[in-house]
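Q: Okay, here's the prediction I keep looking at, along with the sequence it came from:
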Amino acid sequence: MFQEKLMQVTASPTNLSLITSSFHALSDPIRIKLLELLREQELCVCELCEVLEVSQSKLSFHLKTLKEASLVRARQQGRWVYYSLNLPQFVLLEQYLAEYRRFSPILAGRPCSE
């Protein structure tokens with residue numbers, strides 16, 4: 001059973017990579033604030049800078065991390081870039097985490113052979 005589950009996790013390197021990068025992206029308070037702002041509506045960089053009171057270069061770094069994790073999408077309109085949530089990636093994370101809930105309670109381990 002353990003090896004079967006391990007194979008399911010490692011069977012899709014793409015999904016595993018996206019999940020890993022998503023959790024990394026979620027590990028910073030500024031990026032969490034960005035996502036919270038984008039829950040309401042699509043926003044441009046200038047609006048995000050103003051609300052978060054951060055420089056555009058600092059914000060660009062955090063937005064790049066969120067984009068690489070597929071948590072946000074960027075859309076250019078004229079000279080402005082607008083960001084919005086990439087909801088399918090949140091569904092993937094939700095499904096991944098739901099697997100932990102599904103297998104609870106965790107059974108006690110078997111004794112290891114020496």
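A: Now that the structure is in, tell me what you want to look at. All values reported here derive from a predicted model rather than from experimental measurement.

Q: can you pull out the helices in the protein?
A: Secondary structure of the chain by DSSP state H: the helices cover 2-10, 13-25, 29-40, 45-52, 56-68, 87-102.

Q: so which of these gets nearest residue 108?
A: helix 2-10 (13.2 Å; CB to CB). (C-beta placed from N, C-alpha, C; glycine too.)

Q: quick revisit: ok, which of the helices of the chain comes nearest residue 111?
A: That would be helix 2-10 among these, by CB to CB, at 14.1 Å.

Q: what's the average pLDDT for that closest one?
A: In this model, helix 2-10 has a mean pLDDT of 49.

Q: Same question for stretch 86-93.
A: Regarding stretch 86-93, the rounded mean pLDDT is 92.

Q: Provide the contact partners of that stretch at residue level.
A: Stretch 86-93 is contacted from outside by 15, 18, 19, 22, 23, 69, 70, 71, 72, 73, using CB atoms under 8 Å, 6 or more residues apart in numbering.

Q: do the same with stretch 61-77
A: So stretch 61-77 is in contact with 18, 21-22, 24-26, 28, 30-31, 34-35, 38, 42, 45, 48, 81-86, 89-90, going by CB under 8 Å, 6+ apart.

Q: That stretch: which residues count as buried?
A: Using 16 or more other CB atoms under 10 Å as the test for burial, stretch 61-77 gives 62, 63, 65, 66, 69, 70, 71, 72, 73.

Q: same thing with stretch 85-94?
A: Residues of stretch 85-94 classed as buried: 85, 86, 89, 92, 93 (neighbour count, 16+ other CB under 10 Å).

Q: from the residues you listed, which two are the most distant?
A: 85 and 92 (12.9 Å).

Q: Centre-most residue in the chain?
A: Nearest to the mean C-alpha position of the chain, by CA atoms, centre = their mean, lies residue 22 at 2.9 Å.

Q: Got the phi and psi for the closest residue to that one other than its chain neighbours?
A: Counting by CB to CB, 6 or more residues apart in numbering, residue 22 lies nearest to residue 69, which is 4.5 Å off, once chain neighbours are set aside. Note on residue 69: its backbone torsions stand at phi -90, psi 0 [degrees, to the nearest 10].

Q: now do residue 54
A: Phi and psi for residue 54, reported as degrees, to the nearest 10, are phi -130, psi 160.
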